[in-house]
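Q: Attaching a predicted model along with its sequence, questions to come.
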Amino acid sequence: MGYRERKYSFKRSFGYAITGVWYGLKKERHMQFHIAATISVTILGLLTRITLAEWRTIWLSIGLVISLELVNTAIEKCVDLVTQEYHPIAKIAKDVAAGAVLVAATVSVLVGGSIFLPYWF
Ligand SMILES: Nc1ncnc2c1ncn2[C@@H]1O[C@H](COP(=O)(O)OP(=O)(O)OP(=O)(O)O)[C@@H](O)[C@H]1O
């Protein structure tokens with residue numbers, strides 16, 4: 001049976017997904033920036049004593065950015081698998097995927113600012 005026809009158990013599929021997250025954390029320099037930002041925001045949130053509702057918004061923002069960074073990495077890898085040559089469509093695919101991360105990161109900064117700034121000023 002080819003690997004495409006195999007049905008994996010939930011536990012095994014979960015293991016593959018964790019491997020994917022681990023790859024993103026280890027190899028992607030942008031991901032390391034997101035992790036540093038997550039740690040900083042968590043420390044600031046604890047020091048500022050933000051509310052549970054505010055933590056939920058922060059967690060959603062962090063999840064959105066990190067998830068999109070993982071999808072961006074997956075798209076980059078797929079494009080590289082298809083072509084190592086310059087191709088205008090490869091450029092569009094990678095630029096649009098990177099744009100999705102940029103949009104989410106910008107919204108997260110706005111969310112963080114709108115939560116923290118009123119406490120501080
Ligand atoms: N095959 C290609 N054809 C055309 N343009 C490409 C191609 N590969 C990359 N690019 C251009 O170079 C940019 C950077 O691509 P690259 O794959 O190095 O991603 P990156 O953003 O540097 O990601 P990372 O640093 O996380 O690997 C892309 O956004 C795209 O504009």
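A: Noted; the coordinates are in hand.

Q: State the pLDDT value of the closest residue to Val107 other than its chain neighbours.
A: Distance criterion Cβ to Cβ, 6 or more residues apart in numbering; nearest residue to Val107, sequence neighbours excluded, is Ser61 at 7.1 Å. Every residue, glycine included, has its C-beta placed from N, CA and C. pLDDT for Ser61: 98.

Q: Sticking with Ser61, tell me its helix or strand.
A: helix 52-82 (DSSP states H and E).

Q: quick one: Ala90 from the ligand, how far?
A: 4 Å (Cβ to the nearest ligand atom, to the nearest Å).

Q: the longest helix in the chain is where?
A: helix 88-120 (DSSP state H).

Q: Direction-wise, compare that one with helix 52-82 and give the angle.
A: On the basis of axes from the mean of the first three to the mean of the last three Cα atoms, to 10 degrees, helix 88-120 is oriented at 160 degrees to helix 52-82.

Q: same for helix 88-120, what does it pack against?
A: helix 29-48, helix 52-82 (3 or more Cβ pairs under 8 Å, 6 or more residues apart in numbering; DSSP states H and E).

Q: could I get those as a markdown table with mean neighbour count?
A: Below are the helices and strands packed on helix 88-120 laid out as a markdown table (neighbours: other Cβ atoms under 10 Å):
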| stretch | mean neighbour count |
| --- | --- |
| helix 29-48 | 14 |
| helix 52-82 | 16 |
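
Q: Turn those into JSON lines, columns for distance to Ala93.
A: Below are the helices and strands packed on helix 88-120 laid out as JSON lines (distance: least, Cβ to Cβ, whole Å):
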{"stretch": "helix 29-48", "distance to Ala93": "17"}
{"stretch": "helix 52-82", "distance to Ala93": "5"}
